[in-house]
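A.B. asks: What follows is a predicted structure for the sequence shown.
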Amino acid sequence: MSENSKDKAPSRRQFLSGAAAVGVGAIGAGAARAAGPDPLITQVQEWAQATGEGVDATPYGLPIQFEKDVVRRNVEWLTADTISSINFTPIHALDGTITPQGCAFERHHSGAIELSKPDYRLMINGLVDTPLVFTYEDLERFPRENRVYFCECAANTGMEWAGAQLNGAQFTHGMIHNMEYSGVPLRTLLEEVGVKPEGKWVYVEGADASSNGRSIPLEKAMDDVLVAFKANGEALRKEHGYPVRLVVPGWEGNMWVKWLRRVEVTAMAIESREETSKYTDTLEDGTSRKWTWVMDAKSVVTSPSPQAPITHGPGPLVITGLAWSGRGSITGVDVSVDGGKNWIPARLAAPGTDKALTRFYLDHNWDGSEMLLQARAKDSTGYVQPSKAQLRDVRGENSIYHNNCIQTWWIKETGEAENVEVS
Ligand code: MTE
Ligand code: CO
């Protein structure tokens, strides 16, 4: 530390040690340390008196037992069974931006199937010069790309339209994950088969019983769509479409077909399938929006939040969360502690990248009073995330899909938090 810095205002570090020494805010760690010597510091612990586990005890590592709460969770009453169902990423307990595969949400319409690499086939047919079938090994021989993208189910936050309902960021905003994909651009494979001039759409389907068929405009298919076989460096997990899934950056999760088996080039969108017509947004007057594929800019404070309450007293508090946009990158996030009356610019952990999660932090000095905590994202198109009232003005309350409104957590003086709405 230089001489000069001593003259400056107390640093965060000085604040923390100062508080402990004089017993200010006698809560949590500060109070415990002030009460007497800490055996965790003064005594040789059990784990330092014997050897630990050898290598190979767990050939494929799992999180330590103390982290067993950081898991996907299902909301039982949402679906009749777990086959056509959804679970949620524990975003309240994660940091950074990459979602580990083991806790990335799952959404299946007919369960997760087990399809081996030798049994894998991808057919590209329809309005093409040469219909082709690719094996897994064939796909590995095309030039590959690595890209980080978020995948958000169109139904994320869908239960919150009519009022604050689910108590936790995991449940309100956890139908999202963000991974680094390795794969071949769909464009490369479409060029291999040769798209006829009449070809304007691709109909993509999976090998599972639901097939989850969707039509994607050719323009998007030729742009940034990936035929992916690795996520975060390793093979896709069964539940995320092993061995091959489609990655459709910025677009609703339903189009990210898992266990990808066929791509048909068509002149028009195939909309006869139930899945395709289902993903529409019903408005107040009973009419519906359709072809709302892009996920608009959105953000959420992940901590503090109902599942991640504040466990210490007043003073330094890290407020953190995630922001994303399917239309580009996040350029800024503002945080409000008073229900949207005043906004403070948050710090982005890294500059926002295209169609990927951005982590934000607000290093706050909490005075111990209650807060109405909100985050508001801005993206590279200039779009600003709407309040719940603004979104309802345009969309009514009959929708399920595409709810990207500002979320409010009521943080109480005890540090506990609750999902609420502010008018
Ligand atoms: N692909 C197939 N083949 N079957 C499915 O049930 N579900 C879709 C999509 N792709 C689905 C599918 C939906 S609605 C979503 S939100 C994403 O996969 C979820 O991907 P994940 O399970 O990897 O999170
Ligand atoms: Co979905």
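C.D. replies: Done, it's in. Residues are numbered from 1 along each chain as shown. Ligands and ions are numbered 1, 2, ... in the order given.
A.B. asks: Residue numbers of the stretch 151-300 of the chain in contact with ligand 2?
C.D. replies: Contact residues, the stretch 151-300 of the chain versus ligand 2 (Cβ under 5 Å from the ion): 153, 253-254. In short, each C-beta sits where N, CA and C put it, glycine included.
A.B. asks: can we see that at 6 Å?
C.D. replies: 153-155, 253-254 (Cβ under 6 Å from the ion).
A.B. asks: Kindly report the residues of this protein close to ligand 1.
C.D. replies: Residues of the chain that fall close to ligand 1, judged by Cβ under 6 Å from any ligand atom: 104-109, 151, 153, 177, 206, 208, 210, 212, 239-240, 253-254, 256-259.
A.B. asks: before we move on, back to that, who wins for most neighbours among the residues of the stretch 151-300 of the chain next to ligand 2?
C.D. replies: When neighbours are counted as other Cβ atoms under 10 Å, the busiest of those turns out to be residue 154, with 25 neighbours.
A.B. asks: Let's verify that residue: helix, strand, or coil?
C.D. replies: Put simply, residue 154 is coil when judged by DSSP: H, G, I helix; E, B strand; the rest coil.
A.B. asks: Run through the residues that contact the residue of the stretch 301-423 of the chain found nearest ligand 1.
C.D. replies: With Cβ to the nearest ligand atom as the measure, residue 401 is the residue of the stretch 301-423 of the chain nearest to ligand 1, at 10.2 Å. Residue 401 sits next to 154-155, 158, 252, 279-281, 292 when contact means Cβ atoms under 8 Å, 6 or more residues apart in numbering.
A.B. asks: Just give the closest residue to it, not the sequence neighbours.
C.D. replies: Excluding the flanking residues, the one nearest residue 401 by Cβ to Cβ, 6 or more residues apart in numbering is residue 154, at 4.0 Å.
A.B. asks: I figured the one you found hits residue 254, correct?
C.D. replies: Yes: using Cβ atoms under 8 Å, residue 154 is in contact with residue 254, at 5.9 Å.
A.B. asks: Who are the contact partners of the residue of the stretch 251-400 of the chain found nearest ligand 1?
C.D. replies: Taking Cβ to the nearest ligand atom, ligand 1 has its nearest neighbour within the stretch 251-400 of the chain at residue 253, 2.7 Å off. By Cβ under 8 Å, 6+ apart, the residues touching residue 253 are 107, 151-154, 156, 175.
A.B. asks: Can I get those residues in JSON lines including pLDDT?
C.D. replies: JSON lines is the format used below for the contacts of residue 253 (pLDDT from 0 to 100):
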{"residue": "107", "pLDDT": "97"}
{"residue": "151", "pLDDT": "98"}
{"residue": "152", "pLDDT": "98"}
{"residue": "153", "pLDDT": "98"}
{"residue": "154", "pLDDT": "96"}
{"residue": "156", "pLDDT": "97"}
{"residue": "175", "pLDDT": "98"}
